[in-house]
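*Asks:* Whatever this is, show me its structure:
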Amino acid sequence: MAFTPTVDETKCVGCEECVDVCPVEVFEMQDGKSVPVNAEECIGCESCVEVCEVDAITVEEN
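*Replies:* Now for the predicted structure:
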């Protein structure tokens, strides 16, 4: 299965929680926002979704 993580940059507050919690290092901070730079590595655990207090992250199964 493949998964696609998406960050709504209009909601992202740059807390870096998703960067810290992701076990496969999908996210990276760029210009104060989280960016899924390694989206193809996403395993669909949704840890990032759970820690995002502003609901800026979604993970969809492809």
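
*Asks:* Pretty sure residue 2 sits against residue 62.
*Replies:* Yes - at 4.2 Å, residue 2 counts as touching residue 62 under the criterion of C-beta atoms under 8 Å. Using the backbone N, CA and C atoms, a C-beta is placed for each residue, glycine as well.

*Asks:* got a list of contacts for the helix or strand hosting residue 59?
*Replies:* Element membership for residue 59 (DSSP states H and E) is strand 57-61. If you take C-beta atoms under 8 Å, 6 or more residues apart in numbering as the criterion, strand 57-61 is touched by 1-8, 18, 34, 42, 44, 46, 48-49.

*Asks:* and if we set it to 7 Å?
*Replies:* Strand 57-61 is contacted by residues 1, 3-7, 18, 42, 44, 46, 48-49 when judged by C-beta atoms under 7 Å, 6 or more residues apart in numbering.

*Asks:* Could you dump those residues into JSON lines and include pLDDT?
*Replies:* Output for those, formatted as JSON lines (pLDDT from 0 to 100):
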{"residue": "1", "pLDDT": "76"}
{"residue": "3", "pLDDT": "98"}
{"residue": "4", "pLDDT": "98"}
{"residue": "5", "pLDDT": "98"}
{"residue": "6", "pLDDT": "98"}
{"residue": "7", "pLDDT": "98"}
{"residue": "18", "pLDDT": "98"}
{"residue": "42", "pLDDT": "98"}
{"residue": "44", "pLDDT": "98"}
{"residue": "46", "pLDDT": "98"}
{"residue": "48", "pLDDT": "98"}
{"residue": "49", "pLDDT": "98"}
